[in-house]
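[1] Okay, structure incoming, though there's no sequence with it:
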């Protein structure tokens, strides 16, 4: 089957980040334009795009009865999350430049908006691979699978297909200066600036905050929740945070706080970067055990529609985040 020869994403994909928001997936937003693939995987994708017109012509002319035509692309849901989708082609509209077909693989890292056997339609320009399977399992195309075979091991296909700019955004969003600034937002919410912002490395991008645990020692989850809500009301919109809620499980309870609209200059560029991070107060037996936090989203702000090249190179300079750009403040 096509999904195995493509080294299906459900086998080699794993969550790229551990998040503090239950059920959420990491999302790194870039300008709404063409994906800029990483070096390496970009080559087979380019080859697939170059050879696709000839394969399409064969399909339109009529393949042998036992032959099947498959294509692959990055399917994006309404939330902006994407998954590697393999589609058995049922129709190609050459006038509109659209491919229609049925999803043949299980989708990872995406909402339940799409699933295997769903019918989809997408622009031909979004195609990243194609494959014709003839009688006797003779295969033509399948460029990504061939590339994966050359690099060996068990590659994470989702990571390989990630936009290179998304990776750059993640690095910026996890930089010490940005982490300190985002931590300062939570300190401002708590209302005690004497609390140091600590970044003790934890699992994946999640951080633990011992000083905050010590500060709330003995506090019940309901008490912490009430204080945060009160402080948010008192801030009169100056601190852009969302008190996510109080949840319970066996022996555990958690309070979620999401900070939003923390802006940072990218290597001196006039176009800032917005990061959103989530804080997770974890209680066990009624006592606060840890405060974990991690990056959930990061995006360039202020790019013109269709822009394909956000500022390139470099890391954020040391210092505090920039002020809200015009038209964004207080959003």
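    Happy to help now that I have it. Every value quoted in this text rests on a predicted model; they were computed, and no experiment measured them.

[2] how many neighbours does residue 279 have?
    25 (other CB atoms under 10 Å). Backbone N, C-alpha and C define where each C-beta goes, glycine included.

[3] isn't it right up against residue 295?
    No - assessed by CB atoms under 8 Å, residue 279 is found out of contact with residue 295, at 11.5 Å.

[4] can you pull the pLDDT of residue 238?
    pLDDT recorded at residue 238 is 74.

[5] I'd assumed it was in a helix, is it?
    No - assignment of residue 238 by DSSP: H, G, I helix; E, B strand; the rest coil gives coil, placing it outside any helix.

[6] for the protein, where's the lowest mean pLDDT among helices and strands?
    helix 9-12 (a mean of 21; mean pLDDT, DSSP states H and E).

[7] roughly how far is the host helix or strand of residue 149 from the heart of the chain?
    Following DSSP states H and E, the helix or strand that holds residue 149 is helix 143-151. Remark: helix 143-151 is offset 24 Å from the chain centroid, using CA atoms, centre = their mean, to the nearest Å.

[8] do the same with stretch 284-302
    16 Å.

[9] same thing with stretch 173-180?
    With CA atoms, centre = their mean, you get 18 Å for stretch 173-180.

[10] again, but for stretch 153-170
    Computed by CA atoms, centre = their mean, the chain-centroid distance of stretch 153-170 equals 10 Å.

[11] Enumerate the positions of it that are buried.
    Residues 155-158, 160-166, 168-170 are the ones in stretch 153-170 that count as buried (16 or more other CB atoms under 10 Å).

[12] same question, stretch 41-48
    Across stretch 41-48, burial judged by 16+ other CB under 10 Å covers 41-42, 44-45, 47-48.

[13] Just list whatever residues bridge to residue 242.
    Taking DSSP bridges, one obtains residue 258 as the residues bridged to residue 242.

[14] give me the number of residues near it?
    13.

[15] thought it was touching residue 258?
    Yes - using CB under 8 Å, residue 242 is in contact with residue 258, at 4.5 Å.

[16] And the strands in the stretch 101-250 of the chain, which stretches?
    In the stretch 101-250 of the chain, the strands defined using DSSP state E, counting those that start in this stretch lie at 119-123, 127-134, 138-141, 200-201, 207-208, 241-249.

[17] Now distance to residue 184 and mean pLDDT too, for those, in TSV please.
    Output for the strands of the stretch 101-250 of the chain, formatted as TSV (distance: least, CB to CB, whole Å; pLDDT from 0 to 100):
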stretch	distance to residue 184	mean pLDDT
strand 119-123	42	94
strand 127-134	41	96
strand 138-141	52	94
strand 200-201	17	54
strand 207-208	14	72
strand 241-249	12	79
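
[18] Including distance to residue 285, could these go into CSV?
    Shown next, in CSV, are the strands of the stretch 101-250 of the chain (distance: least, CB to CB, whole Å):
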stretch, distance to residue 285
strand 119-123, 48
strand 127-134, 49
strand 138-141, 57
strand 200-201, 22
strand 207-208, 18
strand 241-249, 12
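
[19] closest one to residue 35 among these?
    Residue 35 lies closest, by CB to CB, to one member of the strands of the stretch 101-250 of the chain: strand 127-134, at 8.4 Å.

[20] Just name whatever secondary elements that closest one is in contact with.
    If you count contacts as 3 or more CB pairs under 8 Å, 6 or more residues apart in numbering; DSSP states H and E, strand 127-134 packs onto helix 2-5, helix 42-61, strand 68-76, strand 138-141, helix 143-151.

[21] what's the most buried one of those?
    strand 68-76 (a mean of 22; mean count of other CB atoms under 10 Å).

[22] Please state the offset of it from the chain centre?
    20 Å.

[23] just the angle between it and helix 143-151, please?
    For strand 68-76 against helix 143-151, the angle by axes from the mean of the first three to the mean of the last three CA atoms, to 10 degrees is 80 degrees.

[24] any idea how far the closest residue to residue 67 other than its chain neighbours lies from residue 48?
    Nearest non-adjacent residue to residue 67, counting by CB to CB, 6 or more residues apart in numbering: residue 134, 4.7 Å away. To residue 48, residue 134 is 18 Å away according to CB to CB, to the nearest Å.

[25] Ok, residue 278 next?
    Counting by CB to CB - residue 278 and residue 48 are separated by 37 Å.

[26] Show residues contacting the helix holding residue 149.
    5-7, 40-41, 43-45, 47-48, 51, 72, 128-129, 131, 155, 157 (CB atoms under 8 Å, 6 or more residues apart in numbering).
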